[in-house]
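Colleague: got a predicted structure plus its sequence, pasted below:
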Amino acid sequence: MTADGKGQETHAFRTEVARLLDLVVNALYSKKEIFLRELISNASDACDRLRYAALTEPALIAEDAELAIRLRPDKAARTLTVIDNGIGMSREELIEHLGTIAGSGTAAFMAQLSGDKAKDVSLIGQFGVGFYAAFMVAREVAVTSRRAGTDATWTWRSDGKGAFAIEPGVAGPRGTAITLHLKDGEDEHLEPQRLEHIVRTYSDHIGLPILLEASAGAPERLNSAGALWARDKASIDAAQYREFYHHVAHAADEPWLTLHNRNEGTVEYTNLLFVPTRRPFDLFVPERHHRVKLYVKRVFITDDCQDLMPAWLRFVAGVVDCADLPLNVSREMLQANPVVAKIRQGLTKRVLDELARKAKDDADGYAAFWEAFGAVLKEGLYEDHARRDALLGLARFRSTDSDKPVALEDYVARMKPGQDAIFTIAGEDPRALAASPHLEAFSAKGVEVLLLTDPIDEFWVPAVGAFKDKRFVSVTRGEIDLDAIAPQPDAAPKADAADPKVKSLIAVFKLALGDKVKDVRASARLTESPVCLVADANDLDLHVERMLRQHQRVDTTSKRILEVNPGHVLIGALAQRVHRGDAVDAVEEMAHILLDQALILEGETPADGAAFARRLSRALTRGLTA
Ligand code: ADP
């Protein structure tokens, strides 16, 4: 920071802002006119915030209560000024808000950056980068602002090249005036028709008047104003809904679902909610804030009423306007408020009903929705007992038997005669899961297994336990008994696990492996692989334990059970040797190799890599020189 003695100070932009501005000034081919949408959106938010602050402190708004946004083009000076009489910014706020990346819209943009300048530049048009979009058309921007309730006016000024200056401004009205000194070639943004067209395209839904002050005459109103959600549905087209969604959600995709309803039960409210097509960048931040704004009779109250929507619906964005809350409701009063609780119930039901309808009418669209947001909805299975059945109905799964997402209803309908459980296997990579040896006996009997690939599955599955009296059973845990299910017609005959030779081999393995394993036993799971590792019925699933270890929630590894496949040639040959009392050393060595191999299949590493390599080389040498 430097000061010049006349009250002007120069500050360098934070690195991320400088990087962003570098992209913005290069955004030659994107839709530059969106700069106006961004400035109007900020101005509208500033007015909303003033209106809310004035509920408890009416003096803030008293001097000028007609909130509006004004566009003032000046052809002679080649400037366009966007003026609002909203909350304004203090000196500190100018520095903080316009010198760092605070805004959610901008943060969303930054999160999408690829590092490839050409690609990133073309993203700007889609996203809008908030205030900084002004530098697409302006060589210099001056922001003059007076915070409501204060006397001091400050001016922020920058050419967008690394630094901004801040100095005391001429005493002015409450609110913010942003003056753009246009670049050469940008004069179209001074033309009244052009401005009107841009406002109608992108900002028609804004609830305040947007006034054009192009000549000495009366200001001309450009938008229809009136809160969009309060208008008659029939008068709103898809493009208007979309622009409104972009404004409330700071999003750039198409809304997949639009829910616009007037509710007149015990509580009267209007909702305009959107389900996005794409995941917002901050969907999995720990705070899990939802994105629905609360209004009372058109007055913005808060975007932070966490009781308004369950956290597991936090991908839903929009507004709720309630007539049955007092206008001077404080944020504290909103906690544990019965009216809010009723609205939450109503909204939750509405969203779930609509999802169920889509699942039925538009399976492909629903599958894409589930891919994006299913992991979030599943949090509700764990958290919201009352919605469990509805959510189980909506849930979709990857499966060994289908390329398309599978509903539990469908799984149960095609269960094999004799099958009494829903079988699952958990892990991150669906392809690795589908190839797991644990599935062999299931595929041999044509039994479908669901692949659980979301970390949240580890939590809700044990909590929920069953779907319509069919238990969820992990194929990697406990003993599996598929005897009640008839084998496929072409299946190989089952090997005899009670064969005394196999029993002796198992005894030799147990001795050799000692406390490296919990147990060694004959497997009912395997048909092709020689061995696999399973968890004991009461132990953590292998995958869960690995996940918890990665998050440092546990630091031990439970002992596992090594299962051997009596039907495998290798196991058969080893059993023969033990029976003949032949080369027992080599059999013991094989026990270690097979255990390490089973670990590798689980995505783990052998405890002693060097020993594994040594044993394997010896075994291969023996095999080749025998
Ligand atoms: P976003 O709008 O996504 O928050 P911006 O970069 O557009 O991000 O704006 C950053 C912040 O600057 C805003 O969050 C707001 O606090 C402040 N701001 C921008 N324009 C105005 C305005 N006209 N009046 C008051 N505050 C404003």
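Modeller: Looks like it came in fine. As the structure is a prediction and not an experimental result, all values here were calculated from the model. Residues are numbered from 1 along each chain as shown.
Colleague: can you give me the first-to-last residue distance of stretch 333-340?
Modeller: Criterion C-alpha to C-alpha, to the nearest Å; first-to-last residue distance in stretch 333-340 is 10 Å.
Colleague: check stretch 304-311 too.
Modeller: Per C-alpha to C-alpha, stretch 304-311 runs 12 Å from first to last residue.
Colleague: so Asp555 is in which element?
Modeller: Under the criterion DSSP states H and E, no helix or strand holds Asp555.
Colleague: the stretch 301-450 of the chain: helices as residue ranges?
Modeller: With DSSP state H, counting those that start in this stretch as the criterion, the stretch 301-450 of the chain has helices at 338-361, 363-383, 388-394, 408-413, 430-434, 440-444.
Colleague: I'd like to know which of those is closest to the ligand.
Modeller: helix 363-383 (22.3 Å; C-beta to the nearest ligand atom). Every residue, glycine included, has its C-beta placed from N, CA and C.
Colleague: ok, now how distant is the residue nearest the centre of the chain from the ligand?
Modeller: Centroid check for the chain by C-alpha atoms, centre = their mean gives Leu283 as the closest residue, at 3.0 Å. The gap separating Leu283 from the ligand is 17 Å, by C-beta to the nearest ligand atom, to the nearest Å.
Colleague: tell me the domain ranges of this protein?
Modeller: If you go by automatic domain parsing, the domain ranges for the chain are 2-221, 228-367, 397-490, 500-625.
Colleague: any stretches of the stretch 1-150 of the chain with poor pLDDT?
Modeller: Within the stretch 1-150 of the chain, the segments meeting pLDDT under 70 span 5, 27-30, 102-105, 125-126, 128.
Colleague: give the burial count for Val464, as a bare number.
Modeller: 19 (other C-beta atoms under 10 Å).
Colleague: swap in Glu287?
Modeller: By other C-beta under 10 Å, the residues close to Glu287 number 8.
Colleague: and it, how close does it get to Gly88?
Modeller: 28 Å (C-beta to C-beta, to the nearest Å).
Colleague: same check on Val285?
Modeller: From Val285 to Gly88 the distance is 30 Å (C-beta to C-beta).
Colleague: for the stretch 451-600 of the chain, just list every one of the helices.
Modeller: 457-464, 500-513, 542-550, 569-580, 584-601.
Colleague: how big is the angle separating the last one from helix 500-513?
Modeller: Spelled out, it's helix 584-601. If you take axes from the mean of the first three to the mean of the last three C-alpha atoms, to 10 degrees, helix 584-601 sits at 80 degrees to helix 500-513.
Colleague: now do helix 584-601: everything it contacts.
Modeller: By C-beta atoms under 8 Å, 6 or more residues apart in numbering, the residues outside helix 584-601 that reach it are 436-437, 505, 508-509, 511-513, 516-517, 529-533, 562, 564, 570, 574, 577-578, 605-607, 611-612, 615-616, 618-619, 622.
Colleague: now that helix: buried residues?
Modeller: By neighbour count on 16 or more other C-beta atoms under 10 Å, the buried set for helix 584-601 is 587-599, 601.
Colleague: mind checking what helix or strand follows that helix in sequence?
Modeller: helix 609-625.
Colleague: re earlier: could you dump the domains of the chain to CSV with distance to Lys378?
Modeller: CSV is the format used below for those (distance: least, C-beta to C-beta, whole Å):
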stretch, distance to Lys378
domain 2-221, 23
domain 228-367, 8
domain 397-490, 5
domain 500-625, 15
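Colleague: wait, which of those domains is closest to Glu383?
Modeller: domain 228-367 (6.2 Å; C-beta to C-beta).
Colleague: model confidence over the closest one, on average?
Modeller: Taken as a whole, domain 228-367 has a mean pLDDT of 92.
Colleague: can you select the buried ones from the contacts of helix 584-601 in ChimeraX?
Modeller: In ChimeraX, this line selects whichever of those come out buried by 16+ other C-beta under 10 Å:
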select :436,437,505,508,509,512,513,517,529,530,531,532,533,562,564,574,577,578,606,612,615,616
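Colleague: what's the local residue count around the residue nearest to Glu440 when sequence neighbours are not counted?
Modeller: Distances taken as C-beta to C-beta, 6 or more residues apart in numbering put Thr527 closest to Glu440, at 4.2 Å, once the chain neighbours are dropped. Other residues near Thr527 number 22, with proximity taken as other C-beta under 10 Å.
Colleague: again with Val569
Modeller: Val569: 9 neighbours (other C-beta under 10 Å).
Colleague: what do you get for Ala583?
Modeller: Count around Ala583 with other C-beta under 10 Å applied: 14.
Colleague: packing partners for the helix or strand harbouring Phe164?
Modeller: For Phe164, the host element (DSSP H and E) is strand 163-168. The contact analysis (3 or more C-beta pairs under 8 Å, 6 or more residues apart in numbering; DSSP states H and E) places strand 163-168 against strand 9-12, helix 91-99, strand 153-158.
Colleague: what about the ones you listed, which gets the closest to Arg549?
Modeller: helix 91-99 (40.6 Å).
Colleague: is the closest one anywhere near the ligand?
Modeller: Yes. On the criterion C-beta under 6 Å from any ligand atom, helix 91-99 is in touch with the ligand at His97, Leu98.
Colleague: what does the stretch 151-300 of the chain have sitting close to the ligand?
Modeller: So the stretch 151-300 of the chain meets the ligand at Thr176, His250 (C-beta under 6 Å from any ligand atom).
Colleague: can you name the residue of the stretch 151-300 of the chain nearest to the ligand?
Modeller: Thr176 (3.9 Å).
Colleague: is it true that that residue touches Val143?
Modeller: Yes. Contact criterion C-beta atoms under 8 Å: Thr176 and Val143 qualify, at 6.4 Å.
Colleague: find residues that contact each of those two.
Modeller: Counting by C-beta under 8 Å, 6+ apart, the residues touching both Thr176 and Val143 are Met89.
Colleague: in the stretch 351-500 of the chain, where is pLDDT below threshold?
Modeller: 491-497.
Colleague: what about 80?
Modeller: Scanning the stretch 351-500 of the chain for pLDDT under 80 picks out 487-498.
Colleague: quick one: the spatially closest residue to Met89 that is not a sequence neighbour from Tyr132, how far?
Modeller: The shortest distance from Met89 to any residue other than its chain neighbours is 4.3 Å, reached at Ser145 (C-beta to C-beta, 6+ apart). Look at Ser145 and Tyr132: by C-beta to C-beta, they are 17 Å apart.
Colleague: how about Asp582?
Modeller: 78 Å.
Colleague: sorry, back to before: relative to Val82, which of the helices of the stretch 451-600 of the chain is closest?
Modeller: Using C-beta to C-beta, the nearest of the helices of the stretch 451-600 of the chain to Val82 is helix 457-464, at 48.1 Å.
Colleague: coming back round to it: more neighbours: Asp582 and Tyr132, which one.
Modeller: Tyr132 (26 against 10).
Colleague: tell me which of the buried residues of helix 584-601 is nearest to Lys360?
Modeller: Once C-beta to C-beta is applied, the member of these that ends up nearest Lys360 is Leu601, at 39.7 Å.
Colleague: coming back round to it: now render the helices of the stretch 451-600 of the chain as TSV, adding distance to Phe397.
Modeller: Listed next are these as TSV, based on distance: least, C-beta to C-beta, whole Å:
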stretch	distance to Phe397
helix 457-464	9
helix 500-513	35
helix 542-550	16
helix 569-580	33
helix 584-601	23
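Colleague: mean pLDDT for the ones you listed: which is lowest?
Modeller: Among these, helix 542-550 carries the lowest mean pLDDT (a mean of 78).
Colleague: make sure Phe442 is actually in contact with Leu482.
Modeller: Yes. Phe442 is in contact with Leu482 according to C-beta under 8 Å; the separation is 7.3 Å.
Colleague: just list the residues touching the residue of the stretch 401-550 of the chain found nearest the ligand, thanks.
Modeller: Across the stretch 401-550 of the chain, no residue is closer to the ligand than Ile456, which sits at 29.2 Å (C-beta to the nearest ligand atom). Counting by C-beta under 8 Å, 6+ apart, Ile456 touches Ala375, Lys378, Glu379, Tyr382.
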